[in-house]
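> just a sequence and a predicted model for now, questions to come.
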Amino acid sequence: MTQRITKAVIPAAGLGTRFLPATKAMPKEMLPVVDKPAIQYVVEEAVRAGLTDVLMITGRNKNALENHFDRVTELEYTLEAKGDTAKLQKVNESTDLADMHYVRQGDPRGLGHAVLRARMHVNEQPFAVLLGDDIIDERDVLLTRMLEEQEKRDASIVALLEVDPESIHLYGAAAVEPTEEADVVRITGLVEKPAKEVAPSNYAVIGRYVLKPLVFDILEHTHPGKGGEIQLTDALMEMAGDVEGTGGVYGVVFRGRRYDTGDKLDYIKAVVQLAADRDDLGPEFKPWLAEYVAGFDRI
């Protein structure tokens with residue numbers, strides 16, 4: 001009987017240099033997207049998919065992450081005394097989300113190295129990896145679909161998104177073959193951030209993975225690749241071969257709503273899109289936004 005996957009790993013050790021000076025003293029994962037930090041959206045997604053054991057790979061000056069998912073008794077007491085149950089509920093949401101654990105990455109040696117730091121916690125069972133730069137809209141199912149395919153195929157699963165070929169150099173690109181499922185492909189090769197002229201396809205790997213524990217053995221002997229870092233892409237490339245026991249690597253093609261908070265412009269777009277779709281903000285925000293945008297024609 002296949003063991004149900006319950007563990008999620010969230011690498012969160014990056015310095016966030018693209019958002020300086022905002023991230024000088026605050027982790028980039030704590031930047032607010034409307035009224036919640038970006039990292040909370042990611043943990044909520046994991047929990048919706050049944051992953052209640054969450055390990056964050058952190059680094060120096062990341063204490064705010066632990067504090068956010070911990071209790072703040074003084075604040076809770078103050079809100080309770082005021083009878084402000086609505087705000088108290090919002091504060092407690094992050095506290096009660098999941099069973100949270102933390103380990104430091106130490107040397108920043110890339111995503112593959114960050115995932116390898118989870119080995120002692122994950123042990124010998126499949127697990128999910130969620131990157132904090134990608135927020136998947138809660139109305140669209142991705143991670144649950146990936147977990148289903150992992151159980152069905154006993155393989156490692158990555159999330160794929162068709163992107164403009166002009167943008168493929170920003171991602172890992174996958175060479176793929178079709179399967180019997182319309183939204184699932186078999187991955188035969190991976191290239192980290194290729195030029196569009198040599199990219200095997202415009203299928204980009206985005207920040208969701210469901211991995212077999214064999215990935216740890218492979219990462220142990222994976223040499224530094226692009227950027228001098230240990231690349232998870234390189235380990236997945238090895239697993240995509242016909243090596244016995246890997247089960248291969250498959251991709252679930254995602255066609256839903258994804259919000260990229262990895263750079264300033266896309267972060268602003270994410271805030272606008274999510275705010276416009278909110279029941280409590282959208283009715284007032286969208287007319288204002290439409291009027292504001294219409295004003296560009298008069299400039």
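Looks like it came in fine. Residues are numbered from 1 along each chain as shown.
> state the distance from the residue positioned nearest the centre of the chain to residue 14.
The C-alpha lying nearest the average C-alpha coordinate of the chain belongs to residue 131 (Cα atoms, centre = their mean; 2.5 Å). Residue 131 sits 10 Å away from residue 14, going by Cβ to Cβ, to the nearest Å. Placement of C-beta: from N, CA and C, glycine included.
> cool, and residue 240?
Separation of residue 240 from residue 14 (Cβ to Cβ) stands at 26 Å.
> do the same with residue 45
19 Å.
> what's the strand or helix carrying residue 233 in contact with?
Taking DSSP states H and E as the definition, residue 233 sits inside helix 232-239. Outside helix 232-239, the residues that touch it by Cβ atoms under 8 Å, 6 or more residues apart in numbering are 110-112, 115, 129, 156, 158, 172, 187, 189-192, 205, 209, 212, 214-215, 218-219, 222-223, 225, 246-249.
> cutoff 7 Å now
Applying Cβ atoms under 7 Å, 6 or more residues apart in numbering, the set of residues contacting helix 232-239 from outside is 111-112, 115, 156, 158, 172, 189-190, 192, 214-215, 218-219, 222, 225, 246, 249.
> for the stretch 1-150 of the chain, give me the ranges with low pLDDT.
Regions of the stretch 1-150 of the chain meeting the criterion pLDDT under 70 cover residues 1-3.
> now the helices for it?
Remark: helices of the stretch 1-150 of the chain, listed N- to C-terminal, are 38-48, 63-68, 73-82, 85-95, 111-116, 119-122, 143-153; assignment by DSSP state H, counting those that start in this stretch.
> between these, which gets nearest to residue 258?
For those, distance to residue 258 was read as Cβ to Cβ. The smallest value, 11.3 Å, belongs to helix 38-48.
> mind listing what's buried in the closest one?
Residues 38-46 are the ones in helix 38-48 that count as buried (16 or more other Cβ atoms under 10 Å).
> helix or strand right after the helix holding residue 233?
The helix or strand immediately downstream of helix 232-239 is strand 249-253, counting by DSSP H and E.
> now do that next one, average pLDDT.
Across strand 249-253, pLDDT averages out at 96.
> next SSE downstream of that strand?
strand 258-260.
> which elements pack onto that next one?
strand 134-136, helix 264-276 (3 or more Cβ pairs under 7 Å, 6 or more residues apart in numbering; DSSP states H and E).
> that one pairs with which strands?
Using DSSP bridges, the strands paired with strand 258-260 are strand 134-136 (antiparallel).
> ok, and what's touching the partner strand?
Residues lying outside strand 134-136 but in contact with it, judged by Cβ under 7 Å, 6+ apart, are 33, 38, 41-42, 45, 142, 206-208, 256, 258-261, 270.
> just the buried residues from those, in ChimeraX please.
This is the ChimeraX syntax for the buried subset of the contacts of strand 134-136, where burial follows 16+ other Cβ under 10 Å:
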select :33,38,41,42,45,142,206,207,208,258,259,260,261,270
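> on that earlier part again, angle of the helix holding residue 233 against strand 249-253?
Counting by axes from the mean of the first three to the mean of the last three Cα atoms, to 10 degrees, helix 232-239 lies at 120 degrees to strand 249-253.
> can I get the CA coordinates of helix 232-239 in CSV?
These are the backbone C-alpha positions of helix 232-239, laid out as CSV (Å, rounded to 0.1, in the frame of the first residue of the first chain):
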residue,chain,number,x,y,z
LEU,A,232,17.8,20.4,-8.5
THR,A,233,17.3,20.4,-12.3
ASP,A,234,20.5,18.3,-12.7
ALA,A,235,19.3,15.7,-10.2
LEU,A,236,15.9,15.5,-11.9
MET,A,237,17.7,15.1,-15.3
GLU,A,238,19.4,12.0,-13.9
MET,A,239,16.2,10.6,-12.5
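> returning to that earlier point: for residue 55, which of the helices of the stretch 1-150 of the chain is the nearest?
Nearest of those to residue 55, taken as Cβ to Cβ: helix 119-122 at 4.9 Å.
> contacts for that closest one?
Contacts of helix 119-122 with the rest of the structure, by Cβ under 7 Å, 6+ apart, involve 7, 9, 55, 101, 103, 213, 216.
> mind listing what the residue lying closest to residue 85 once chain neighbours are set aside touches?
For residue 85, ignoring the flanking residues on the chain, the nearest one in space by Cβ to Cβ, 6 or more residues apart in numbering is residue 79 at 7.8 Å. Residues touching residue 79, when contacts are defined by Cβ under 7 Å, 6+ apart, comprise 87-88, 91.
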